[in-house]
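Visitor: A structural model of the following input is requested.
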Amino acid sequence: MFKRILLAYDLNLQIDVFIYELEKLTSMDKTKITLFHVISQKELEQSVRYKGIHLEVLIENKKKNLNTLVSILEKSGFECDLKIGRGDIIKEIIKESNNDTYDLIILGNKKANSEIKNILGSVTHKISKISTLPILIIKEK
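Guide: Model prediction:
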């Protein structure tokens, strides 16, 4: 079983699907999950330009949203912490996965064109090619 899991989470994905898969993969009392979200440069620029929200406020807003998910994971029996990165999504996820002792990376598959079947989204595809850790890709409903 996996003891340390990096859950790279995009706020648009459904957490219940992740919890279902986590319960199947783990013995919950011994598994630590790091919920990791990356604020991309594009997202930051749009936040500042169109909403007037700068990095510090954006991080606090993300933490509020993500802490709700941390609570859901903890209520489901997982030990969970939250980390937020900033920059290139792929580089940040790979850097985080290399900086700690993770056993598994879990990614959602959010592809730009849902009409195309059997193709990974670009971020998921690139991380799966670069990472030395096993990766579980969860299909978006």
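
Visitor: Please export the C-alpha coordinates of whichever strand or helix holds Leu107 as CSV.
Guide: Element membership for Leu107, per DSSP states H and E: strand 104-109. Below are the C-alpha coordinates for strand 104-109, written out as CSV (Å, rounded to 0.1, in the frame of the first residue of the first chain):
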residue,chain,number,x,y,z
LEU,A,104,2.5,7.8,-5.8
ILE,A,105,1.2,10.8,-7.8
ILE,A,106,-2.5,11.1,-8.5
LEU,A,107,-3.6,13.3,-11.4
GLY,A,108,-6.9,14.1,-12.9
ASN,A,109,-7.2,14.0,-16.7
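
Visitor: Identify the residues contacting that strand?
Guide: 2, 4-10, 13, 18, 21-22, 25, 93, 97, 120-121, 123-124, 127-128, 131, 133-140 (CB atoms under 8 Å, 6 or more residues apart in numbering). The C-beta positions use only the backbone N, C-alpha and C, and glycine is treated the same way.

Visitor: next structured bit after it?
Guide: Moving toward the C-terminus from strand 104-109, the next helix or strand (DSSP H and E) is helix 122-130.

Visitor: Can you point out the buried residues in that following helix?
Guide: Neighbour-count burial for helix 122-130, counted by 16 or more other CB atoms under 10 Å, picks out 123-128.
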